[in-house]
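Participant: Have a look; sequence and predicted model below, questions after that.
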Amino acid sequence: VIKVVALCGSLRTGSFNRGLIRAAMEIAKSINGLEIEYVDISPLPFLNTDLEVNGTYPEVVESFRLKIRVADSVLFASPEYNYSFIVQGPLKNAIDWASRPPNVWADKAAAVVSASGGSRGQRSQYHLRQIGVFLDLHFINKPEFFLNAHQTPSKFDSDRNLIDDSTKESLKQVLLSLYAFTLRLKGKRD
Ligand code: FNR
């Protein structure tokens, strides 16, 4: 079984990106051997290395790091804010905590999807990929998934659940690619 941890850069209740993660979890049920667990990053404190005591981390940070450590791959869903070249505040904070020694992102596979305003989030996705280089976190190259959530509100219902079949199909292709790539990476590790 391939275990995927899903992280959302948006903390708001009505998040389109969170809706994408819910849809991915639903789609994963139809993919044999793929499990997605959503992990909430909102309880993490702001990164402050004063909180590290003799190489240990605050309890919420330890439990977050453990979730990443035992996962085979990571699915990021994040909006873009102000052309953000530092991804998104809460998400970057989570990335930084899990990069502290030992870096628990290393040798994992990853995929990124985004629902954003006009730009659809491309800039933040490319910067996330760049951060992945330093973390040894390996992103699938294709397919890319960008959604302009605001120009297409009909793709979600009022509870922000994805209801558009072609978007679901695109998301499924991302998951299948992540699944195949994770198997290849695991093969090299085991
Ligand atoms: C945005 N938004 C946005 N969209 C985009 O495509 N490029 C951008 O640079 C920005 N900048 C930006 C800044 C700030 C402070 C906010 C609050 C919003 C729009 C944003 O991506 C959009 O509202 C998403 O829908 C937010 O994601 P969730 O919360 O729906 O997952």
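Facilitator: Yep, it's here.

Participant: near the ligand, which residues of this structure?
Facilitator: 10, 12, 15-17, 79-83, 115-119, 121, 149 (Cβ under 6 Å from any ligand atom). To be clear about C-beta, it is placed using only N, CA and C from the backbone, and glycine gets the same treatment.

Participant: List buried residues within those.
Facilitator: 10, 15-17, 79-81, 115-116, 121, 149 (16 or more other Cβ atoms under 10 Å).

Participant: Just put the residues you listed in a markdown table and tack on pLDDT, distance to Asn32 and secondary structure.
Facilitator: Converted to a markdown table, these look like this (pLDDT from 0 to 100; distance: Cβ to Cβ, whole Å; DSSP: H, G, I helix; E, B strand; the rest coil):
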| residue | pLDDT | distance to Asn32 | secondary structure |
| --- | --- | --- | --- |
| Ser10 | 94 | 30 | coil |
| Ser15 | 93 | 29 | coil |
| Phe16 | 93 | 28 | helix |
| Asn17 | 94 | 26 | helix |
| Pro79 | 89 | 31 | coil |
| Glu80 | 85 | 33 | coil |
| Tyr81 | 85 | 37 | coil |
| Ala115 | 91 | 27 | strand |
| Ser116 | 85 | 32 | strand |
| Gly121 | 71 | 30 | coil |
| Ala149 | 76 | 30 | coil |
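
Participant: State the distance from Ser73 to the ligand.
Facilitator: Per Cβ to the nearest ligand atom, to the nearest Å, Ser73 is found 21 Å from the ligand.

Participant: actually Leu178, not the one I typed
Facilitator: 20 Å.

Participant: Chain neighbours aside, what residue packs nearest to that residue?
Facilitator: Of all residues not flanking Leu178 in the chain, Ala111 sits nearest, at 4.3 Å (Cβ to Cβ, 6 or more residues apart in numbering).

Participant: distance between the helix or strand hosting the one you found and the chain's centre?
Facilitator: Following DSSP states H and E, one finds Ala111 within strand 109-116. A distance of 6 Å separates the centroid of the chain from that of strand 109-116, by Cα atoms, centre = their mean, to the nearest Å.
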